[in-house]
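# Dropping the sequence and predicted coords here.
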Amino acid sequence: MKKLLLVIVVVAFSFTANAQDFRAGINVGLPVGDAGDAYTLNFGVDLSYMWNVSDDFDAGLSTGYSHFILDSEFNGDDASFLPLAGSARFNASEEFVLGADLGYGIGISPDGNDGGFYYRPLIGYNVGGNTQITASYSGVSVDGGTFSSINLGVNFGL
């Protein structure tokens, strides 16, 4: 199932890679909740393609990579996920954007990480024609807990 979802996302992005609504971003975050007990830092990259549904609303697909760094006081490995999600963005004004990503976070590491439900509400501030500063809360619900973080990032239109 994981491989099928990955193939679908790759094919969708292949058809839309030259579109103006293709965006890429980077983010860094502080793990909170269950993840905050054992992990010290989260960082990731984001890729998305958005279709303009109306003047104020966009919908599309998103993927990326999210990596949680394990605190040196704990034995084990870092945790990482590949989120595959549907995205929605509401342009509250010319400067502010409200949005959410919902989907599945595929567990990449450590062994036994099957992933789970992925969610990411966010707020964005447009600082230029193709640049946006974002603040978000992201989480992946896994068996026995949740990998979640509060993030700050920047997105660029390609």
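Thanks, I have it. These numbers come from a predicted model, not from an experiment.
# Spell out, range by range, the helices that occur in this structure.
2-16 (DSSP state H).
# Run through it and note the low-pLDDT ranges.
In the predicted model, the chain carries pLDDT under 70 at residues 1-20.
# mind running it again at 50?
Along the chain, the model assigns pLDDT under 50 to residues 4, 7, 11, 13-19.
# who's residue 141 bridged to?
Using DSSP bridges, the bridge partners assigned to residue 141 are residue 117, residue 146.
# What number of residues are in the vicinity of it?
16 (other Cβ atoms under 10 Å). Just so you know, the C-beta spots here come from the backbone N, C-alpha and C atoms, and that holds for glycine as well.
# cool, residue 87 as well?
Residue 87 has 23 nearby residues by other Cβ under 10 Å.
# okay but it is in contact with residue 57, surely?
No - contact criterion Cβ atoms under 8 Å: residue 87 and residue 57 do not qualify, at 11.3 Å.
# ranges for the strands of the protein?
Secondary structure of the chain by DSSP state E: the strands cover 22-32, 39-52, 57-70, 79-91, 96-109, 116-126, 131-142, 145-157.
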